[in-house]
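Novice: Output the structure for:
(one chain, ligands or ions: 1)
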Amino acid sequence: MKPFTAPLDDILFSLYALGADRIPDWDSDLVREVAGHFAAFAEGEIAPVDEEGDRVGAVLENGRVRMPPCFQPVYRSYVEQGWCGLTAPEAFGGQGMGAAVLGVTSEIFSGANISLQMVTGLVPGAIRTLMHFGTAAQQAQNIPPLAAGDWLATMCLTEPGAGSDLSRVRTRAVYEDGWKITGEKIFISGGDQDMSQGVFHLILARTSDDGIRGLSLFLARSERADGTRNAISVTRIEEKMGLHASPTCQLAFDGAEAELVGELGGGLKAMFTMMNHARLDVSLQGAALAARATDIARKYAADRVQGGRSIDQHADVARMLDDMDMLAIGGRGIAHLALVLLETGEAPGLVEALTPVAKVFCTDAASMAADLGIQVLGGYGYLREYRMEQIARDARITRIYEGANGIHALALVTRLARLGAPLDALADLAAERPDLLADWQAARSRVQALADPAPVATAFMGLTAELVHQIVWSRLRAAMSQHPDPHRIERLAAVAARRFPMAKTVFEAAL
Ligand SMILES: Cc1cc2nc3c(=O)[nH]c(=O)nc-3n(C[C@H](O)[C@H](O)[C@H](O)COP(=O)(O)OP(=O)(O)OC[C@H]3O[C@@H](n4cnc5c(N)ncnc54)[C@H](O)[C@@H]3O)c2cc1C
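Specialist: Residues are numbered from 1 along each chain as shown. This next block holds a predicted model:
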């Protein structure tokens, strides 16, 4: 099995081509240095425990989650090297780096070991939430232990009756000498673990029966200030297709002590403010897994001889390898385009349109790349030995969590189409590809004329994602002289170009 190699050159090239230098205070030398350090850590320590983590899994013992023991020293290194506080403000013990730098390290982390990334990866979002909505006291009390790695974080939204539809959340918060939360949450990533001293939960709970306006955001810690355990218990961890080492917990809140974060009734608004970053994190998980699948497949295909030559010399295998590579690089590029705009703050409407597009494209790309990878490896792809099957299992959930891809497609043809401005901003962006813009605008008009656009939502998302993908490849191609292997970028750009007509045909067939 090929050891993990961080796709550092591809990542840094993509950021350059998609305009990261427009981000205030962007320092490409510093980013290269930070990324290089993290890549070495990921290659040397994080990736080597991935396989054992998948095999051993996280287990529930006497009401507490035990992580694969091989993760413990890696988490200690992660803490000692200060990665937990990468984006936390310096005033709270962090290093004050921006979201685009975090995008680089978390993509590398996901490619190396997505289960461990899942458990550690919610800390920056929790810190960001506290910085936006927390009081000064909440920030001072909670950010330092998060930045120091003493606590890891969760995001507790889902319930048995409330998945895509969070208006059905029933977990209640009542005020009686402080806020107390009672209810059941399911599928909570990192709901408990034994790597950090404590867990910091952000919880969506009901404070009135007024629909989504009755939902508020709370924080709760696994331990109270006096060191006793808060009334939050793990009632089970799910047995899953993949992400075996990421404990997906069912949590019971039984009058758990909590604090309101932000305004009463402002829970969903707070969640949505954080949503763009969370969705881009998942987009980069998808890009990471697609890139890892490509790396394993390219190495295998170069070494495997059949029919008198290595299999990468056979046209069909070469086609599959290039498709995988193109999906990984193109997906990452879409995520970087959105991330750069999110960080510069220059086009909020465009970010709103690009973020779900990135989420859908990258996560579909991960599954497609893993599937192609299995095919490239032949029978060995289906075996555990080369871990392509693990990538396929781990990648599959990214199309479901952080908004199922079908829900994002639906929002594109309903809410975003109704708003107008996000799709207008997308059209402005696409002015650099006038050859494609007319087709997309015609499709948009057809969708908007439909009494019920829901049945064509996924096909329109496919066409829209492909429009953005083509814009990204135009920019990558224009910048290719900056890549160590410009011929590869040129070749993959040509492969990508074939996809828009296909997406157009699929859209027209769906009408
Ligand atoms: C490994 C894992 C980790 C997770 N981590 C977390 C976590 O940390 N925190 C957390 O809160 N949750 C977490 N989740 C839950 C995840 O976010 C939900 O599974 C997701 O939101 C979808 O909800 P659901 O599973 O109830 O599916 P449903 O909402 O029942 O959806 C099922 C299908 O129906 C479609 N659908 C649903 N509603 C509509 C509609 N109105 N119109 C059209 N189609 C619709 C969806 O697109 C989907 O295809 C995790 C789940 C897993 C498996």
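Novice: The residue in the chain that the ligand sits nearest to and residue 240: what is the separation?
Specialist: Of all residues in the chain, residue 163 sits closest to the ligand, at 1.7 Å by CB to the nearest ligand atom. No exception for glycine: its C-beta is placed from N, CA and C like everyone else's. Per CB to CB, to the nearest Å, residue 163 is found 16 Å from residue 240.
Novice: show me the contacts for residue 276.
Specialist: Residue 276 makes contact with 338, 342, 351-352, 355, according to CB atoms under 8 Å, 6 or more residues apart in numbering.
Novice: so which strand or helix has it?
Specialist: Taking DSSP states H and E as the criterion, residue 276 maps to helix 267-303.
Novice: what separates the helix or strand following that helix from the chain centre, distance-wise?
Specialist: Downstream of helix 267-303, the first helix or strand assigned by DSSP H and E is strand 305-306. Between the centre of strand 305-306 and the centre of its chain there are 37 Å (CA atoms, centre = their mean, to the nearest Å).
Novice: Show me what the mean pLDDT comes to for strand 305-306.
Specialist: Averaging pLDDT along strand 305-306 gives 98.
Novice: For it, report the contacting residues that lie outside it.
Specialist: Residues contacting strand 305-306 (CB under 8 Å, 6+ apart): 311, 314.
Novice: Each with direction, which strands does that strand pair with?
Specialist: Strands that pair with strand 305-306, judged by DSSP bridges, come out as strand 309-310 (antiparallel).
Novice: any idea how far the partner strand is from the chain center?
Specialist: With CA atoms, centre = their mean, you get 37 Å for strand 309-310.
Novice: For the helix or strand following that strand, name the packing helices and strands.
Specialist: Later in the chain than strand 309-310, the nearest helix or strand by DSSP H and E is helix 315-344. Using 3 or more CB pairs under 8 Å, 6 or more residues apart in numbering; DSSP states H and E, the elements in contact with helix 315-344 are helix 8-17, helix 99-112, helix 267-303, helix 348-377, helix 457-478, helix 486-497.
Novice: Show me what counts as buried in helix 315-344.
Specialist: By neighbour count on 16 or more other CB atoms under 10 Å, the buried set for helix 315-344 is 317, 320-344.
Novice: Now that helix: average pLDDT?
Specialist: The model assigns helix 315-344 a mean pLDDT of 98.
Novice: Residue numbers of the chain in contact with the ligand?
Specialist: 155-158, 163-164, 187-189, 240, 243, 248, 397, 400-401, 404, 406-407, 410 (CB under 6 Å from any ligand atom).
Novice: For ChimeraX, write a command that selects the buried ones of these.
Specialist: Applying 16+ other CB under 10 Å to those leaves a buried subset, and the ChimeraX line that selects it is:
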select :155,156,157,158,163,187,188,189,240,243,248,397,401,406,407,410
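Novice: From the residues of the chain next to the ligand, which land in strands?
Specialist: If you go by DSSP state E, the residues of the chain next to the ligand have 155-156, 187-189, 248 in strands.
Novice: what sits up against the worst-scoring helix or strand of the chain on mean pLDDT?
Specialist: Here the helix or strand of the chain ranked lowest by mean pLDDT, DSSP states H and E is helix 417-419, holding a mean of 92. For helix 417-419, the surrounding residues in contact (CB under 8 Å, 6+ apart) are 352, 423, 444, 447-448, 453.
Novice: circling back to that earlier point, the helix holding residue 276 vs helix 99-112, what angle?
Specialist: Taking axes from the mean of the first three to the mean of the last three CA atoms, to 10 degrees, one finds helix 267-303 and helix 99-112 inclined to each other by 50 degrees.
Novice: for helix 267-303, which positions count as buried?
Specialist: Residues of helix 267-303 classed as buried by neighbour count (16+ other CB under 10 Å): 267-268, 270-271, 274-301.
Novice: pLDDT of stretch 214-226, averaged?
Specialist: The pLDDT scores in stretch 214-226 average 96.
Novice: Equivalent analysis for stretch 92-109, please.
Specialist: 97.
Novice: Next one: the closest residue to residue 56 other than its chain neighbours relative to residue 4, how far apart?
Specialist: The shortest distance from residue 56 to any non-neighbouring residue, by CB to CB, 6 or more residues apart in numbering, is to residue 68 (4.2 Å). Plainly put, residue 68 is 17 Å away from residue 4 if you go by CB to CB.
Novice: returning to that earlier point: most neighbours among the contacts of helix 417-419, which one?
Specialist: Neighbour counts for those (other CB atoms under 10 Å) peak at residue 423, which has 24 neighbours.
Novice: That one and residue 506: what is the separation?
Specialist: For residue 423, the distance to residue 506 - CB to CB - is 19 Å.
Novice: Ok, residue 203 next?
Specialist: Counting by CB to CB - residue 203 and residue 506 are separated by 40 Å.
Novice: which one of the two has more residues nearby?
Specialist: Using other CB under 10 Å, the more surrounded residue of residue 203 and residue 506 is residue 203, with 27 against 15.
Novice: Determine the three-state secondary structure at the more buried one.
Specialist: Three-state assignment for residue 203 (DSSP: H, G, I helix; E, B strand; the rest coil): strand.
Novice: Could you check the pLDDT of it?
Specialist: So, for residue 203, pLDDT stands at 97.
Novice: What of residue 1?
Specialist: Turning to residue 1, the model gives it a pLDDT of 79.
Novice: Who are the contact partners of it?
Specialist: Here residue 1 is in contact with 51, 296, 385-387 (CB under 8 Å, 6+ apart).
Novice: close enough to count as contact, residue 262 and residue 131?
Specialist: No. Counting by CB atoms under 8 Å, residue 262 stays clear of residue 131, with 11.6 Å between them.
Novice: Understood, closing this out.
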